[in-house]
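Chemist: Sequence and predicted structure, then a few things I'm wondering about:
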Amino acid sequence: MFGRECQLSIHMPGRLMLLRCCAGVFKAAPCLQGYAGGVDCYTSENSIKPEMWDTAIKCNKVLVMTAQVFLNMLEAGVAKPQHFSLMVS
């Protein structure tokens with residue numbers, strides 16, 4: 001999956017506790033340790049601003065966020081389907 005041009009994976013667990021757990025699992029995954037990009041986690045407490053979206057998708061392989069944060073990026077017009085190769089909710 002990570003060899004393709006579109007390399008970003010977006011995960012949106014249904015509960016906040018699962019979101020943080022999911023982000024922790026990805027951060028600890030050996031298969032992601034050798035990549036320049038990492039894992040970022042966004043919630044209502046730690047949200048992403050639309051002007052930071054491009055940096056987030058360029059600097060990470062996995063973004064874990066609440067559905068509302070992702071919806072905010074879609075409504076702002078910065079998140080586009082071509083930005084990611086996998087989305088799990």
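Modeler: Structure received. Numbering: from 1, shown residues only.
Chemist: Which secondary structure element is home to the residue nearest the centre of the chain?
Modeler: Centroid-nearest residue in the chain: residue 63, 1.2 Å away (criterion: CA atoms, centre = their mean). Using DSSP states H and E, residue 63 falls within strand 60-65.
Chemist: what separates the helix or strand just after that strand from the chain centre, distance-wise?
Modeler: Later in the chain than strand 60-65, the nearest helix or strand by DSSP H and E is helix 67-75. Mean-position distance between helix 67-75 and its chain equals 12 Å (CA atoms, centre = their mean, to the nearest Å).
Chemist: quick one: contacts of the helix or strand bottoming out on mean pLDDT in the chain?
Modeler: In the chain, no helix or strand scores lower on mean pLDDT, DSSP states H and E than helix 30-33, which sits at a mean of 74. Contact partners of helix 30-33, identified using CB atoms under 8 Å, 6 or more residues apart in numbering, comprise 26, 38, 39, 61, 62. C-beta: built from backbone N, CA, C; applies to glycine.
Chemist: swap in stretch 13-24?
Modeler: With CB under 8 Å, 6+ apart, stretch 13-24 has contacts from 11, 12, 39, 40, 41, 43, 64, 65, 66, 89.
Chemist: Please report the distance of the fifth one from residue 28.
Modeler: When distances are taken as CB to CB, to the nearest Å, residue 41 and residue 28 turn out to be 13 Å apart.
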